[in-house]
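# how would this look folded up:
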Amino acid sequence: MSLTYCGKLYRALNPVFAREPMSGRGAELYGGRFNPKGVPALYASTSVHTALREANQVGDLQPTTLVCYRARIEMVFDAADMTAVAAAGLDEASLADPAWRDQMRTTGEASTQRFARELIAQGYNGLRVRSFAKGSGPSDINLVLWRWGNSASSRLELIDDEDRLG
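Below is the predicted model:
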């Protein structure tokens, strides 16, 4: 199921990547739950609290830079549609599987990364999926973006009116 997301999005970034909040470089270098290595992605959340949980999933809170975007993203796959997720060969447990990194190391690609690669090939700009970070619940929502920028179908604008990030 495809939807259009319009609204604000939040990211809690490692300060190493804070000067490039539009790059998706960290996810591209290391791979993420919903992007294989080599594929840039922006992992954003619909709330500040969810963004902070996502960025600090291991141990104590680490230094973090919080950014906000204005977004209008068309062609977003809605993972809340479990019929559509099942048609792709997954279920909620496989979306939430904490062993995705182990899968990536042993087989080269986690099942959720394969799912993302197939969605990208079908023309999706992103994925709306609940957060699986510790302490999150069904109302904690993420948008994983594979295409973003200035185009009408995947517009993402960093809110930095005072040019604080240079």
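
# Show me where this protein has its strands.
Taking DSSP state E as the criterion, the chain contains strands spanning 2-13, 42-45, 65-78, 126-130, 141-145, 154-158.

# Throw these into CSV and include distance to F115 and mean neighbour count, thanks.
The way it works is simple: take the backbone N, C-alpha and C, and place the C-beta from them, glycine included. Output for the strands of the chain, formatted as CSV (distance: least, C-beta to C-beta, whole Å; neighbours: other C-beta atoms under 10 Å):
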stretch, distance to F115, mean neighbour count
strand 2-13, 15, 18
strand 42-45, 15, 25
strand 65-78, 9, 19
strand 126-130, 8, 23
strand 141-145, 11, 25
strand 154-158, 19, 17
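
# Residues contacting the lowest-mean-pLDDT helix or strand in the chain, please?
One helix or strand of the chain scores below all others by mean pLDDT, DSSP states H and E: helix 25-30, with a mean of 89. Helix 25-30 is contacted from outside by N14, V16, F17, N35, K37, G38, V39, P40, A41, L42, Y43, using C-beta atoms under 8 Å, 6 or more residues apart in numbering.

# can you count the residues close to the second one?
As a burial measure, the neighbour count of V16 was computed by other C-beta atoms under 10 Å and equals 11.

# returning to what we had before: residues of the least confident helix or strand of the chain that come out buried?
Neighbour-count burial for helix 25-30 flags G26, A27, E28 (criterion: 16 or more other C-beta atoms under 10 Å).

# Going by distance to T112, which of those wins?
Nearest to T112 among the buried residues of helix 25-30, counting by C-beta to C-beta, is A27 at 12.9 Å.

# closest to L9 among the buried residues of helix 25-30?
Using C-beta to C-beta, A27 comes nearest to L9 of those, at 14.8 Å.

# Fine by me, we can end here.
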